[in-house]
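> Quick check, what structure comes out for this input:
(one chain, ligands or ions: 2)
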Amino acid sequence: MKKLVIVGCGQLAGIVSDAIVSGILPDYDLVGVYSRTTAKAERLAGKMDQHGKVCKVCTSMEELLALKPDYLVEAASPAAMKEFALPALKNGTSVVTLSIGALADEKFREEVISTAKANNTRVHIVSGATGGFDVLRTAFLMGNATATFFNEKSPYALRGTPVYENSLLTEKKVVFTGNAKEAIDLFPTRVNVAVAASLASVGPEKMQFAMQSTPGFVGDTQRVEIKNDQVHAVVDVYSATPAIAGWSVVNTLLNITSPLVF
Ligand SMILES: NC(=O)C1=CN([C@@H]2O[C@H](COP(=O)(O)OP(=O)(O)OC[C@H]3O[C@@H](n4cnc5c(N)ncnc54)[C@H](O)[C@@H]3O)[C@@H](O)[C@H]2O)C=CC1
Ligand SMILES: O=C([O-])CC(=O)C(=O)O
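Numbers count the residues shown, from 1 in each chain. Ligands and ions are numbered 1, 2, ... in the order given. As a prediction, this is how the structure comes out:
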């Protein structure tokens, strides 16, 4: 059995813990959880307890890592990923991350890579709200690739960001164009998906990114397009809710222990 812990006990973490309870991840014991709001970690651990599973509520990262987990699911935020990835990797704990935006910072990414190598650990980048990383990587490896990313969302999903204005409630507008690095700098918790697709292919600086706000739109469209001399591939995912990102963690955890790897 692999020892698993979760950092960040919100909506997506709940999908992972439900998968454990329902027996979809039989190779994992969820031994500990940690969240900034301890009540959320207690709620998640309480659910495990109801199903006869012992899961410790930790009040610090040190306490969580002292459980010597094999895998840590990061479902908190890119800021949390920046804070916790290196201590986890040094602890012998591999990281499965949703907050891939943290890795757009090249210096941090290089530190993560060297720390993982030195400690025989790995960072697993989940497909999140998109997918097709196999075809993106393959087309990139063939050479001469260019790639673009398009995200469509509701104006309500942009409240609290620098691009929000009331006119978005009635007018369709492309609110941002730039590269994936610039996008995550402007929307630090909302475009992890674009950074992930860029790391699988042309890199954060070379992935062209556009975000469109559409009145009345529900959910998200994430469309990645890659072209080289021979290949033109489009990965176009619409999702009514962010649940797909939580399920992509379940998929990655399954792949880690499966004899057949996708
Ligand atoms: N790769 C992808 O396609 C996607 C990635 N995400 C990422 O997944 C993360 C989790 O998403 P949700 O579950 O919807 O968010 P949420 O807001 O429901 O849950 C996040 C939880 O983490 C906790 N948290 C935040 N910072 C923390 C810290 N430094 N230490 C400990 N706990 C901390 C919060 O208190 C909260 O309980 C998001 O922040 C985002 O970065 C979300 C959607 C798609
Ligand atoms: O727009 C979305 O739903 C994807 C998202 O939150 C992210 O990539 O962080």
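> and the biggest helix by length in the chain, what other elements does it pack with?
Longest helix in the chain by number of residues, with DSSP state H as the criterion: helix 243-257. In this structure, helix 243-257 packs against strand 2-7, helix 11-21, strand 71-74, strand 94-97, with contacts taken as 3 or more CB pairs under 8 Å, 6 or more residues apart in numbering; DSSP states H and E. Every C-beta, even on glycine, is put in place using the N, C-alpha and C of the backbone.
> Could I get the ones you listed in a markdown table, plus columns for mean pLDDT, mean neighbour count and distance to ligand 1?
Listed next are those as a markdown table, based on pLDDT from 0 to 100; neighbours: other CB atoms under 10 Å; distance: least, CB to the nearest ligand atom, whole Å:
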| stretch | mean pLDDT | mean neighbour count | distance to ligand 1 |
| --- | --- | --- | --- |
| strand 2-7 | 98 | 24 | 5 |
| helix 11-21 | 97 | 20 | 3 |
| strand 71-74 | 98 | 27 | 8 |
| strand 94-97 | 98 | 24 | 8 |
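> Now distance to E171 too, for those, in CSV please.
CSV is the format used below for those (distance: least, CB to CB, whole Å):
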stretch, distance to E171
strand 2-7, 39
helix 11-21, 30
strand 71-74, 36
strand 94-97, 35
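> mind checking which of the ones you listed is nearest ligand 2?
Ranking the helices and strands packed on helix 243-257 by their distance to ligand 2 (criterion: CB to the nearest ligand atom) puts helix 11-21 first, at 9.6 Å.
> does ligand 1 sit close to the longest helix of the chain?
Yes - on the criterion CB under 6 Å from any ligand atom, helix 243-257 is in touch with ligand 1 at A245.
> which parts of that helix are buried?
Along helix 243-257, the positions that meet the burial threshold by neighbour count (16 or more other CB atoms under 10 Å) are 244-254, 256.
> Pull the contacting residues for the residue nearest the centre of the chain.
Note on the chain: the residue nearest the mean C-alpha position is L98, at 1.8 Å, using CA atoms, centre = their mean. Applying CB atoms under 8 Å, 6 or more residues apart in numbering, one finds that L98 lies in contact with 12, 73-75, 126, 128, 192, 245, 249.
> circling back: considering only the buried residues of helix 243-257, which also neighbour ligand 2?
Cross-checking the buried residues of helix 243-257 against ligand 2 (CB under 6 Å from any ligand atom) gives no overlapping residues.
> quick one: which of those is nearest ligand 2?
A245 (6.7 Å).
> For the residue nearest to the centre of the chain, give its distance to I256.
Per CB to CB, to the nearest Å, L98 is found 15 Å from I256.
> For the buried residues of helix 243-257, give me CSV that also has distance to M48.
Formatted as CSV, the entries for the buried residues of helix 243-257 read as follows, by distance: CB to CB, whole Å:
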residue, distance to M48
I244, 23
A245, 21
G246, 16
W247, 19
S248, 21
V249, 16
V250, 16
N251, 21
T252, 20
L253, 16
L254, 19
I256, 20
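> quick one, strands of the stretch 51-200 of the chain?
In the stretch 51-200 of the chain, the segments counted as strands under DSSP state E, counting those that start in this stretch are 56-58, 71-74, 94-97, 123-125, 146-153, 173-179.
> so what strands line up beside the fourth one?
Each strand paired with strand 123-125, and its direction, by DSSP bridges: strand 94-97 (parallel).
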